[in-house]
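Novice: requesting a structural model of the entry that follows:
(2 chains)
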Amino acid sequence: MDDAVIKGAGYILAHVPNLTYEFGTTQVLERLKSPESPYLAKMKEHLRTYEQALAYPPFQVYIGNLHPDDLAAIPRPWYEGEKVRAERAGRYGEIVPEDEFYAWMLLVDTFDLVWLDEDFLNELKPRLEKHPLITPPDLKKMLNGKKASDIRTRVEAGSAAPLYLGERLVGCVRQAHEVDDTLKAHVMAENMATKASAVLALRHLLAQTGTDPKAIDYIIEASEEACGDMNQRGGGNFAKAIGEWCGCVNATGSDTRGFCAGPAHALIHAAALVKAGFFKNVVVVGGGAVAKLGMNGKDHVAKGLPVLEDVLGGFAILVSENDGVNPVIRGDSFGRHNIGSGSSPQAVMQALVAEPLERLGLKLGDVDKYSVEMQIPEITEPAGAGDVPTANFKMIAALAVMKKEIERADIPAFVAEHGMPGFAPTQGHIPSGVPFIGHARDLILEGKITRAMIIGKGSLFLGRMTNLFDGISFLVEKNPGRKEAVGADEAALKKLIASALRQVAAELTGGEG
Amino acid sequence: MELKGKKAIALGDRDGVPGPAIAECLKSAGAEVVFVTTECFV
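Specialist: Predicted structure coming up:
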């Protein structure tokens, strides 16, 4: 059976400073504890404009306008000045502004929960009309506005979560139930934003790859949100809810969870479904995490930085039958952090990186690029969490020293060659291994690299059901060429049969003689 | 630093050293570990 291939990848960001202020967990908790919080008062001065977010180099890498290694050459801090071209559209997707993102939330709402001010929508209309992925029926739904007074009444009554643009209330997300906490307005706003960002990513993927949405037969959603009601809090199914708004009428789907490692697990599921012949075109998709917006905001504000966690991320990856061209998800390359693997950094890296390579007879240096937790370092460093991707690359390099592949002094060179600067927002599952898949696919197709390892890690202990850690990895490799391989196998098979028949004939002849 | 007889808490990092590993070191240095956790900062 042929390995499945990665046919394309879509990546989007939604710049949402007002959602950050209203709904990010750090801000929500602060508001609960001290409504007059100096942090909240000061935070607004530290929110970035859309133009500033566009000019942020890591975001341009995420949507594919720059290569991750380009970041290493851009002097830090990256948030100061305009060091790269501030472009909205990228090779893999786009960075959508908050006002338009609200319209996307309205579009994907099927229960009349998202209300937007009709005047605001009329102002937005010329821009929505120009968007290449918004169809006339989409536009009709997006322009279905409400009276500002009706929105204000719901927000003031506490039955709706507000959608602001600065001081202007432009809409709300209404509660879907009066007493069910899993359907309250805040949760509905979170889920609608997750769904909208995933829909945008999937539409970009389909457009970029020229894939007919009807050709998608399975969707796996891999975010960290839960949709359901009080009787089945995480019932799902985001996957079908997303596919419904992307024209994937022939697809079914389901949600896969594993904290940040969810997307890596989902990609393995997708590769297995395709390789086994159950489905031909499987999409793995994930929208953004509203809760994580401004997660490290207190440290950013205290240190005079902009609030750098002001975007929702989204991704969509198409896993398809082997076409002999696109890079394969190598079916024998999975690295697993098992229940009994242990949680020390060395045990984790041994299980996820060293073990699968040993099994395949490969050295650590044979992997051109490793994609680990790809968080932007200048987001995590001010909060004391350090440069997470570099810490991971150093652990891989340390394994190479232990295995005597490299000298201790070569660690920095190994990290520079086989790693890359972090370029993804701290959105949990969004930076975990998957941000590099689009770049890896391109680099492999261009012949610049032959092999990348994608590593996802998950903090299962946060759910307080187990103290276990989680992680899973796989190799993405240059396509070995399907037709040639199949041809060779057929020829070998014919030879074997011919040889066996000759043997039988010889024995029969001998018996007669 | 003398840890013998001291009470200690161990706060580990998902992408660094996990709490139980820190706790083992503290114990071997003679500290009484009263709380262990590993957190995710990303």
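
Novice: just give me the neighbour total for A:Ser149.
Specialist: 8 (other C-beta atoms under 10 Å in any protein chain shown). C-beta coordinates here come from the backbone N, C-alpha and C atoms, glycine included.

Novice: so it sits in a strand?
Specialist: No. Counting by DSSP: H, G, I helix; E, B strand; the rest coil, A:Ser149 falls outside a strand, being helix.

Novice: tell me the residues of the stretch 251-400 of chain A that contact chain B?
Specialist: Residues of the stretch 251-400 of chain A lying close to chain B (C-beta under 8 Å from any C-beta of the partner chain) are A:259-260, A:343-345, A:373, A:375, A:380, A:383-386, A:388, A:391-392.

Novice: can you tell me which of these lies nearest to A:Phe315?
Specialist: Distance to A:Phe315 across those (C-beta to C-beta) is lowest for A:Cys260, with 12.9 Å.

Novice: give me the phi and psi for the closest one.
Specialist: Here is the backbone geometry of A:Cys260 (degrees, to the nearest 10): phi -70, psi -20.

Novice: for chain B, which residues are neighbours of chain A?
Specialist: By C-beta under 8 Å from any C-beta, the residues of chain B that approach chain A are B:13-18, B:20-21, B:38-42.

Novice: among those, name the ones in strands.
Specialist: Residues of those located in strands (DSSP state E): B:Asp13, B:Thr38, B:Glu39.

Novice: measure stretch A:223-232 end to end?
Specialist: Stretch A:223-232 has an end-to-end distance of 17 Å (C-alpha to C-alpha, to the nearest Å).

Novice: what residues of that stretch count as buried?
Specialist: A:Ser223, A:Glu224, A:Glu225, A:Ala226, A:Cys227, A:Gly228 (16 or more other C-beta atoms under 10 Å in any protein chain shown).

Novice: again with stretch A:126-134
Specialist: Quick answer for stretch A:126-134 (16+ other C-beta under 10 Å): A:Leu128, A:His131, A:Ile134.

Novice: next: stretch A:450-463.
Specialist: Buried residues in stretch A:450-463 (16+ other C-beta under 10 Å): A:Arg451, A:Ala452, A:Met453, A:Ile454, A:Ile455, A:Gly456, A:Lys457, A:Gly458, A:Ser459, A:Leu460, A:Phe461.

Novice: point out where the chain drops to low pLDDT.
Specialist: Using chain A. For chain A, the stretches with pLDDT under 70 are A:483-493, A:510-513.

Novice: which ones are touching residue 25?
Specialist: No chain was given, so I picked chain A. A:Ala291, A:Lys292, A:Met295 (C-beta atoms under 8 Å, 6 or more residues apart in numbering or on different chains).

Novice: the last one against A:Glu309, yeah?
Specialist: Yes. Because the distance of 5.5 Å satisfies C-beta atoms under 8 Å, A:Met295 is recorded as touching A:Glu309.

Novice: overlap in contacts, these two.
Specialist: A:Gly24, A:Thr426.

Novice: and chain A, what are its domains?
Specialist: For chain A, automatic domain parsing gives the domain ranges A:5-480, A:483-513.

Novice: of the ones you listed, which stretch is the most buried?
Specialist: Most buried of those by mean neighbour count (mean count of other C-beta atoms under 10 Å in any protein chain shown) is domain A:5-480; its value is a mean of 20.

Novice: can you pull out the strands in the stretch 1-150 of chain A?
Specialist: A:5-15, A:95-96, A:114-116 (DSSP state E, counting those that start in this stretch).

Novice: please produce CSV containing the domains of chain A, extended by distance to B:Lys7.
Specialist: CSV is the format used below for the domains of chain A (distance: least, C-beta to C-beta, whole Å):
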stretch, distance to B:Lys7
domain A:5-480, 21
domain A:483-513, 63
